[in-house]
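*Asks:* I'll drop the sequence and a predicted model, then ask my questions.
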Amino acid sequence: MKAIAPPLLHAAQPVDVPRSSGIRQVVPSERVRYLAEITYTLRNYYAQTDPTIWILRAWSSTRMGVVPFER
């Protein structure tokens, strides 16, 4: 089951910019690889732990007398 984003309360208003701000990159080039490695590590961590979390939550809810939820 995927999470659904809540609706926006206010739509973003268009910004009138006559020319480029001159910013080329948001993240400096020397930090791109570093951040990519962090992202890779976190995605692998969540991929490995997510199934375990669902199992433990279902087990815990049955011990407390709550009907287990579906994934």
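*Replies:* That came through fine. The structure displayed is predicted, hence computed values, not measured ones.
*Asks:* going forward, measure contacts and count neighbours with C-alpha atoms only.
*Replies:* OK.
*Asks:* which stretches of this structure aren't confidently modelled?
*Replies:* Within the chain, the segments meeting pLDDT under 70 span 1-13, 15, 17-23, 66-71.
*Asks:* Backbone dihedrals for Val26, both of them.
*Replies:* Dihedral pair for Val26: phi -80, psi -40, per degrees, to the nearest 10.
*Asks:* do the one 4 residues further on as well
*Replies:* Dihedral pair for Glu30: phi -70, psi -10, per degrees, to the nearest 10.
*Asks:* try Tyr34
*Replies:* Dihedral angles (degrees, to the nearest 10) for Tyr34: phi -60, psi -50.
*Asks:* Any idea how many residues pack against it?
*Replies:* 10 (other CA atoms under 10 Å).
*Asks:* For Trp59, I want the exact helix or strand it lies within.
*Replies:* In the assignment (DSSP states H and E), Trp59 maps to helix 29-63.
*Asks:* Can you mark which positions in that helix are buried?
*Replies:* Ala58 (16 or more other CA atoms under 10 Å).
*Asks:* Point out the other helices and strands that that helix packs with.
*Replies:* Contact partners of helix 29-63 among helices and strands, from 3 or more CA pairs under 8 Å, 6 or more residues apart in numbering; DSSP states H and E: none.
*Asks:* going forward can the numbers begin at 20, since that is how I track them
*Replies:* OK, 20 is where the count begins now, so the last one is helix 48-82.
*Asks:* Roughly how far does Leu54 sit from Ala66?
*Replies:* As for Leu54, its distance to Ala66 is 18 Å (criterion: CA to CA, to the nearest Å).
*Asks:* and what of Arg52?
*Replies:* 21 Å.
*Asks:* Tyr59 now?
*Replies:* 11 Å.
*Asks:* same deal with Ala55?
*Replies:* Ala55 is 16 Å from Ala66, by CA to CA.
*Asks:* now do Ile72
*Replies:* 11 Å.
*Asks:* now Val45
*Replies:* 28 Å.
*Asks:* Same question for Ser79.
*Replies:* Taking CA to CA as the measure, Ser79 falls 21 Å from Ala66.
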